[in-house]
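In: The sequence and its predicted three-dimensional model are supplied below.
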Amino acid sequence: MLDRQSIKKQGSETLFWGAYDNNEVQMNAVRGFSPSQVREHYAVDCSKQTFRRLASYDVDIFNSVADGETPENPVTKIVAEANDDNKLLFKTVCMSTEQLSELPVYSPRSKPLDVRAQNRIDASVLSAVNTINLQPATKKLTYLALSEEPTSRDASSVPYEELYFTSDLASGQLAVDLRGEVYQIHKVTWRGLINLDSKITTFQGKVGTYKLNSLSFSGDWQLMPIGSLLSYTAQGEIGRSDQHLKVGRVFTVECTVGRELNASELNANLSGTAKELGCITKFEKSSPTYKVYYLAEYGYFLYLAGDGNAYSNNELRILSVH
């Protein structure tokens, strides 16, 4: 790709930015990030057919620079010795202004995720979620981008997460593909609240799995009256690629319905109402508490904030929603 707006003459050379758009984003186990594009700054002498690389940057899926270099003394090389992609790039830069203006416009695109295995949700778990019989969604979420914002000076931060929503063909439940800077998760959930089956892959190539084996609910999940207590108890199995044993755990989540608000208060692009739930997971000595918002029109439970005693001292902010 060629950034036409960056082209400028400097003496006998033409300076410009170009980029190579990776077809797929795959975790780089050695360097620890997911390169999406390589963007490079070049100086080419069209008459002498020589070029210099002034800078090179690896850009991740969040359009942030993950790695790169700016050599102090760029080496002059012959265009004929460049790789085929760069030869085409230099040839294009050396075209006339009229020819450059006729080049097609770059269109950004989402990168395909890894091919995922078929999920198998236990019949008893599906029966439990179906008995809740929540109203079907009238609108569909397809994409959500979130940013973590530290609420204290010493809080750690994971800047971005992207979530892609589809329907799991086998179970009919909500499938979520989540991409962070150093991990990728595919999971099947009950309306975003309960993880029914998932697989996480880290940039180190480690794989973790989770499968829900039993589930039961308590409380009025259909109406969610203000001040009411809702809860569910689940038993699941955790697996890791570096361990042969699967670890089972039982936990209970209790949520108190706090208030009803306009979903647009969470993000201007959201419509309808939202119920704010304050939830606690009763599993370990330090039980994290967190806020969940049920978006009625979308039939989706959205995690947005934890309090100071939770595992993360950060609050989530919606960057983009489709």
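Out: Noted; the coordinates are in hand. Residues are numbered from 1 along each chain as shown.
In: D85 sits in which helix or strand?
Out: Using DSSP states H and E, D85 sits in helix 84-93.
In: Next, the buried residues of that helix.
Out: 86, 89-90, 92-93 (16 or more other Cβ atoms under 10 Å). Bear in mind the C-beta positions are built from the backbone N, C-alpha and C, glycine included.
In: Same check on stretch 253-272?
Out: 253-257, 263, 266-267, 270.
In: Specify the beta-bridge partners of the residue nearest the centre of the chain.
Out: Nearest to the geometric centre of the chain sits E162, at 2.2 Å (Cα atoms, centre = their mean). Beta-bridge partners for E162, by DSSP bridges, are A145, R179.
In: That one reaches Q184, doesn't it?
Out: No: taking contacts as Cβ atoms under 8 Å, E162 lies outside contact range of Q184: 9.9 Å.
In: list the residues that contact both of those two?
Out: When contacts are counted by Cβ atoms under 8 Å, 6 or more residues apart in numbering, E162 and Q184 have L178 as shared neighbours.
In: thinking again about what came up before, and of the buried residues of stretch 253-272, the nearest to V59?
Out: N267 (25.7 Å; Cβ to Cβ).
In: Now the closest one: closest residue in space, sequence neighbours ignored.
Out: I318 (4.2 Å; Cβ to Cβ, 6 or more residues apart in numbering).
In: did I read that right, S127 in a helix?
Out: Yes: S127 sits within a helix when classified using DSSP: H, G, I helix; E, B strand; the rest coil.
In: Any idea how many residues pack against it?
Out: 10 (other Cβ atoms under 10 Å).
In: the helices in the protein, which residues?
Out: Assigned helices in the chain, in chain order: 84-93, 97-101, 123-132 (criterion: DSSP state H).
In: looking at these, which has the lowest confidence?
Out: Sorting the helices of the chain by mean pLDDT places helix 97-101 lowest, at a mean of 86.
In: What distance do you get for L174 to S124?
Out: 19 Å (Cβ to Cβ, to the nearest Å).
In: ok, now G68?
Out: Counting by Cβ to Cβ - G68 and S124 are separated by 51 Å.
In: do the same with V176
Out: Taking Cβ to Cβ, one finds V176 at 22 Å from S124.
In: quick one, which of those two is more surrounded?
Out: Between V176 and S124, counted using other Cβ under 10 Å, the more crowded position is V176 (21 against 12).
In: In the sheet, which residues pair with the nearest residue to G219 once chain neighbours are set aside? Tell me.
Out: Nearest residue to G219, sequence neighbours excluded (Cβ to Cβ, 6+ apart): L230, at 3.8 Å. Legend: beta-bridge partners of L230 under DSSP bridges are C255.
In: For L230, grab the count of nearby residues.
Out: For L230, the neighbour count with other Cβ under 10 Å is 20.
In: What residues are bridge-paired with L295?
Out: Beta-bridge partners recorded for L295 (DSSP bridges): A274, Y300.
In: ok, the closest residue to I280 other than its chain neighbours - how many residues close by?
Out: Nearest in space to I280, with sequence neighbours left out and distances taken as Cβ to Cβ, 6+ apart, is T289 at 4.7 Å. For T289, the tally of surrounding residues (other Cβ under 10 Å) stands at 16.
In: From A274, how far out is T289?
Out: For T289, the distance to A274 - Cβ to Cβ - is 18 Å.
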